[in-house]
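A.B. asks: Mind folding the following:
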Amino acid sequence: TAAAQLGTSGGGNHFINAGTIEYPDGTRKLGIMTHSGSRGLGAKIAGYYSKLAQQLRKGLDRSVIHLAWFDLDSQEGQEYWRAMQLAGAYAAANHDAIHRRITRHLGLPVADSISNFHNFAWVEEVTTPGGESVTAVVHRKGATPAGVGVRGVIPGSMGTPARLVVGKGHAGSLNSASHGSGRVMSRSQAKAALAGRDLAAEMRERGVELIGGALDEAPEVYKPIDEVMRYQEDLVETLAVFHPRLVRMA
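C.D. replies: I've put the predicted structure just below:
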């Protein structure tokens with residue numbers, strides 16, 4: 001599965017976009033932005049170990065059985081931790097394969113590259129509210145690392161800009177920031193509420209050519225990126241703005 005899917009985007013909100021990157025000094029560059037993950041490999045790892053954890057935590061109430069866990073120093077915990085690291089390395093390789101293929105076709109040099117993870121876990125030193133430094137597992141679901149000097153990308157939607165950012169290392173957020181705008185309605189709600197819309201025509205009016213994408217990923221399905229960024233001014237600094245021009249959703 002992993003070999004067959006290497007260099008592919010996947011489903012849901014995964015995408016590949018081409019657009020222009022604008023810097024504060026007025027410089028503009030061509031950019032490629034992708035959102036993908038560990039594909040079927042990660043899903044199979046998650047499914048296997050989630051089922052195993054539930055078997056080991058049979059006393060949990062059914063309403064929270066999906067939160068079953070391993071002790072990190074157990075055999076199962078170490079197995080899962082190593083498997084998750086493998087899935088993370090695969091996700092990074094997946095992005096590299098996609099970007100290499102596209103830049104090879106374009107025949108253009110790569111001026112810069114930014115990569116950042118989310119929905120992953122790290123062992124880090126964190127500061128408690130009392131000011132004590134402790135070693136902890138930090139799991140960023142819907143969040144991305146934003147330590148001091150750590151660069152990242154915070155996407156908006158298929159029709160709104162993304163932000164290239166650098167972290168400020170805010171202890172209160174565990175050195176984290178949002179990994180995107182976040183949805184305001186589910187996929188089924190979006191399909192019902194936006195039925196009949198000509199999404200491609202609407203995107204053309206925004207200066208975006210949509211070569212793949214459905215109504216469940218329309219711009220209004222997501223929170224306004226400007227508002228999202230205002231709420232995390234203490235967490236990250238914006239380095240540049242990515243404007244999508246060519247969008248291919250999963």
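A.B. asks: Longest helix in the chain, please.
C.D. replies: helix 75-106 (DSSP state H).
A.B. asks: Show me what the mean pLDDT comes to for that one.
C.D. replies: Helix 75-106 shows a mean pLDDT of 95 in the predicted model.
A.B. asks: you'd agree Gly77 is up against Ala83?
C.D. replies: No. Contact criterion Cβ atoms under 8 Å: Gly77 and Ala83 do not qualify, at 10.8 Å. All C-beta atoms are positioned from the backbone trio N, CA, C, and that covers glycine.
A.B. asks: does Ala201 count as helix, strand or coil?
C.D. replies: With DSSP: H, G, I helix; E, B strand; the rest coil as the basis, Ala201 sits in helix.
A.B. asks: and Val126, that one's in a helix?
C.D. replies: No. Counting by three-state DSSP, one finds Val126 to be strand, located in no helix.
A.B. asks: I figured it hits Ser173, correct?
C.D. replies: No. Counting by Cβ under 8 Å, Ser173 is not a contact partner of Val126; they are 10.4 Å apart.
A.B. asks: ok, the two, which is more surrounded?
C.D. replies: Neighbours were tallied for Val126 and for Ser173 using other Cβ atoms under 10 Å; the higher tally belongs to Ser173 (18 against 14).
A.B. asks: Ramachandran angles for that one?
C.D. replies: With angles defined as degrees, to the nearest 10, Ser173 sits at phi -100, psi 10.
A.B. asks: One more: Ile16?
C.D. replies: Per degrees, to the nearest 10, the backbone of Ile16 is at phi -140, psi 130.
A.B. asks: which residues touch it?
C.D. replies: Ile16 sits next to Ser9, Ile32, Met33, Thr34, His35, Ile98, Ile102, Arg248 when contact means Cβ atoms under 8 Å, 6 or more residues apart in numbering.
A.B. asks: can you tell me which two in those are farthest apart?
C.D. replies: His35 and Ile102 (14.2 Å; Cβ to Cβ).
A.B. asks: quick one, which of those two is more surrounded?
C.D. replies: Neighbour count, other Cβ under 10 Å: between His35 and Ile102, His35 has more, with 21 against 14.
A.B. asks: OK, contacts around that one?
C.D. replies: Ser9, Asn13, His14, Phe15, Ile16, Pro155.
A.B. asks: Then Gly207?
C.D. replies: Contact analysis of Gly207 by Cβ under 8 Å, 6+ apart lists His243, Arg245.
A.B. asks: With Thr103 as the reference, measure out to it.
C.D. replies: Taking Cβ to Cβ, to the nearest Å as the measure, Gly207 and Thr103 are separated by 23 Å.
A.B. asks: What of Asp198?
C.D. replies: For Asp198 relative to Thr103 (Cβ to Cβ), the value is 32 Å.
A.B. asks: neighbour count winner among these two?
C.D. replies: The residue with more neighbours, out of Asp198 and Thr103, is Thr103; 14 against 9, by other Cβ under 10 Å.
A.B. asks: Now that one: closest residue in space, sequence neighbours ignored.
C.D. replies: Val110 (5.7 Å; Cβ to Cβ, 6 or more residues apart in numbering).
A.B. asks: Next, count neighbours for Gln5.
C.D. replies: 16.
A.B. asks: Hmm, Ala111 and Lys29 touching each other?
C.D. replies: Yes. Lys29 sits in contact with Ala111 when judged by Cβ under 8 Å, with a separation of 6.3 Å.
A.B. asks: In three-state terms, label Gly26 for me.
C.D. replies: Applying three-state DSSP: Gly26 is coil.
A.B. asks: quick one: the helices in this structure?
C.D. replies: Listed in chain order, the helices of the chain (DSSP H) span residues 2-5, 39-56, 75-106, 187-193, 199-205, 225-230.
A.B. asks: Next, format these as a markdown table and append distance to Thr135.
C.D. replies: Shown next, in a markdown table, are the helices of the chain (distance: least, Cβ to Cβ, whole Å):
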| stretch | distance to Thr135 |
| --- | --- |
| helix 2-5 | 31 |
| helix 39-56 | 22 |
| helix 75-106 | 14 |
| helix 187-193 | 38 |
| helix 199-205 | 46 |
| helix 225-230 | 30 |
